[in-house]
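# Mind looking at a prediction? Sequence and model below.
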Amino acid sequence: DSGVTQTPKHLITATGQRVTLRCSPRSGDLSVYWYQQSLDQGLQFLIQYYNGEERAKGNILERFSAQQFPDLHSELNLSSLELGDSALYFCASSLRTSGLDTQYFGPGTRLTVL
Amino acid sequence: AQSVTQPDIHITVSEGASLELRCNYSYGATPYLFWYVQSPGQGLQLLLKYFSGDTLVQGIKGFEAEFKRSQSSFNLRKPSVHWSDAAEYFCAVYLGADGLTFGKGTHLIIQP
């Protein structure tokens, strides 16, 4: 158990809908990262937040957004969903924002868009 | 562009045999390097990491990896695999403020 929790575990929705994925980092960690894992693209970094502020952006679509709240939990919002958004979405957390800090991954949320 | 290559999509090894999973990176400087393992239905677990210093690093579960700057490689090894090592293995690099860049992964199958 990494100490990172993600809810829900599974999510099934229809095209055009909007969903919110939630992540609680390990106690004491200030950074939260979101990754997408799909068969065709592999594991891709989406976005990072550090202590409530956006820190880095990766291959995140404009239809996707995220935020980190004062209690440090984070939410990833996916809107106007398409079939291709079906994937496993991972959250990871680390103590700070340095590459020296280990990123601990949650179990993921499996999103299925029908 | 910076990238991570894992040339082997699948590898099959007999239980008790040695293992080497290959990883090559493309980056101008020495990156921070990681190996993660993903068991079916699980998240990713860090096996080991390399930042600097001794080029042979030890990790959890009996794994080790060797950084070779001349070959831009960071191969993962284990002297004797167990059936529980069957999983997906990912090599990753940290290149700066862009999160981790992962390879496509190597699926390890253990034969009895």
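Sure, I can see it. For clarity, every value in this text was computed on a predicted model and none was experimentally measured.

# what residues does chain A put near chain B?
Proximity of chain A to chain B (Cβ under 8 Å from any Cβ of the partner chain) is limited to residues A:2, A:4, A:33, A:35, A:42-46, A:48, A:55-56, A:58, A:90, A:92, A:97, A:99-100, A:102-108. (Glycine included, C-beta is placed from N, CA and C.)

# 7 Å instead, please
Within reach of chain B by Cβ under 7 Å from any Cβ of the partner chain, chain A has these residues: A:2, A:33, A:42-43, A:45, A:48, A:55-56, A:58, A:90, A:99-100, A:102-103, A:105-108.

# so how far is A:Thr109 from A:Glu75?
11 Å (Cβ to Cβ, to the nearest Å).

# Between the two, which is the more surrounded one?
A:Thr109 (21 against 16; other Cβ atoms under 10 Å in any protein chain shown).

# Let's see stretch A:77-85 as CSV, backbone CA atoms only.
Provided in CSV are the C-alpha atoms of stretch A:77-85 (Å, rounded to 0.1, in the frame of the first residue of the first chain):
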residue,chain,number,x,y,z
ASN,A,77,-11.9,16.8,-14.3
LEU,A,78,-12.5,15.2,-17.7
SER,A,79,-15.2,16.8,-19.8
SER,A,80,-16.7,16.2,-23.3
LEU,A,81,-15.5,12.6,-23.0
GLU,A,82,-14.5,10.7,-26.1
LEU,A,83,-14.0,6.9,-26.6
GLY,A,84,-10.3,7.5,-26.7
ASP,A,85,-10.3,8.9,-23.2
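
# what's it in contact with?
Residues outside stretch A:77-85 that contact it (Cβ atoms under 7 Å, 6 or more residues apart in numbering or on different chains): A:13, A:15-20, A:63-66, A:111, A:113.

# Same question for stretch B:83-92.
Outside stretch B:83-92, the residues that reach it (Cβ under 7 Å, 6+ apart) are A:43, B:4, B:6, B:15, B:21, B:23, B:34-39, B:44, B:74, B:76, B:78, B:100-103, B:105-110.

# Show the buried residues in those residues.
Burial by neighbour count, judged by 16 or more other Cβ atoms under 10 Å in any protein chain shown, picks out A:43, B:4, B:6, B:21, B:23, B:34-38, B:44, B:74, B:76, B:78, B:100-103, B:105-106, B:108, B:110 from the contacts of stretch B:83-92.
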